[in-house]
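**Q** Quick one, what's the 3D model for this:
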Amino acid sequence: MPIRSPEGGTARRLRPVSGGGRGTRVQVLAGAALLLALAGGCGKKGPPLAPFVRIPAGVETITARRLGSDVFVTLTVPSDNIDESTPAAVARIDVYAYTGTTPPPRARWVELGTRVASIPGAADMREPGQSSADRSAQGAQNASGGGDAGDQLSPAAEPEGVVPGAVVTLRDTLTAAALTPPAAPAVVPPTGRGTVPPAAPVSPQVVPPAGQGDVGGGGGAREGATLRRYYTAIPFAPDGRPGPPGAVAVLALA
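**A** Predicted structure coming up:
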């Protein structure tokens, strides 16, 4: 009904205006949609993650000692991986030897050196598909002389495998081939540019570092006329990835 003003006039009745009703409904609907989206995403798997790969750290402790025609190489199996996680994922450790006046570059040991032993890791760290029987057969072949030269391991490195942190000793027998340095690669001239005369041989004369003796653990002499036998060990992860280069043991042959 109309409302009369004090002056006697007629005024219209005013209705209250609600300013937040529509905005509140919009907020409620948005919140409900968000809850439905979250509920629908629960339990769903995301994209597959890349497998976590562990790579063992390098062999930093290795020494060599000669008794007659035999060289006994002692090394310590890495205890951790390159990311410092433990235990080390060591499937095997390959031991390489090289005879010369200087050791090979760290990145070319596999190319220039000779593998003298392959030490199996623990059974749960070996390469996929390689059983204990395979390792036993390889060990028997090496012991009979059918494998790589000098593969004879201490009891700690029998085909059952070694654990991280273990100390392993192997024997490398010095044959005539082991005492002979590799021949220098032939110089091949580029095609179409004629022949290139061979370079004159160089015989450096540098005294080895004092106190090095015939047992080494951190590298060999850079130069020298004395023939030496170098040893290094490379660990491998279960997927076949090699660990970083480690220490080098040096043994004077003169």
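**Q** low-scoring stretches of the protein, by residue?
**A** Scanning the chain with the threshold set as pLDDT under 70 gives 1-26, 28, 37-46, 49-52, 124-159, 185-225.
**Q** which stretches of it form strands?
**A** In the chain, the strands defined using DSSP state E lie at 3-4, 10-11, 62-67, 70-76, 92-100, 114-120, 152-153, 167-173, 228-236, 248-252.
**Q** Now render those as JSON lines, adding mean neighbour count and distance to residue 82.
**A** Where C-beta positions appear, they are placed from N, C-alpha and C, glycine not excepted. Shown next, in JSON lines, are these (neighbours: other CB atoms under 10 Å; distance: least, CB to CB, whole Å):
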{"stretch": "strand 3-4", "mean neighbour count": "10", "distance to residue 82": "88"}
{"stretch": "strand 10-11", "mean neighbour count": "9", "distance to residue 82": "88"}
{"stretch": "strand 62-67", "mean neighbour count": "17", "distance to residue 82": "18"}
{"stretch": "strand 70-76", "mean neighbour count": "20", "distance to residue 82": "16"}
{"stretch": "strand 92-100", "mean neighbour count": "22", "distance to residue 82": "15"}
{"stretch": "strand 114-120", "mean neighbour count": "22", "distance to residue 82": "19"}
{"stretch": "strand 152-153", "mean neighbour count": "19", "distance to residue 82": "25"}
{"stretch": "strand 167-173", "mean neighbour count": "19", "distance to residue 82": "20"}
{"stretch": "strand 228-236", "mean neighbour count": "25", "distance to residue 82": "10"}
{"stretch": "strand 248-252", "mean neighbour count": "23", "distance to residue 82": "19"}
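**Q** could I get the ones you listed as JSON lines with distance to residue 55?
**A** Formatted as JSON lines, the strands of the chain follow (distance: least, CB to CB, whole Å):
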{"stretch": "strand 3-4", "distance to residue 55": "89"}
{"stretch": "strand 10-11", "distance to residue 55": "89"}
{"stretch": "strand 62-67", "distance to residue 55": "19"}
{"stretch": "strand 70-76", "distance to residue 55": "17"}
{"stretch": "strand 92-100", "distance to residue 55": "13"}
{"stretch": "strand 114-120", "distance to residue 55": "17"}
{"stretch": "strand 152-153", "distance to residue 55": "23"}
{"stretch": "strand 167-173", "distance to residue 55": "20"}
{"stretch": "strand 228-236", "distance to residue 55": "8"}
{"stretch": "strand 248-252", "distance to residue 55": "20"}
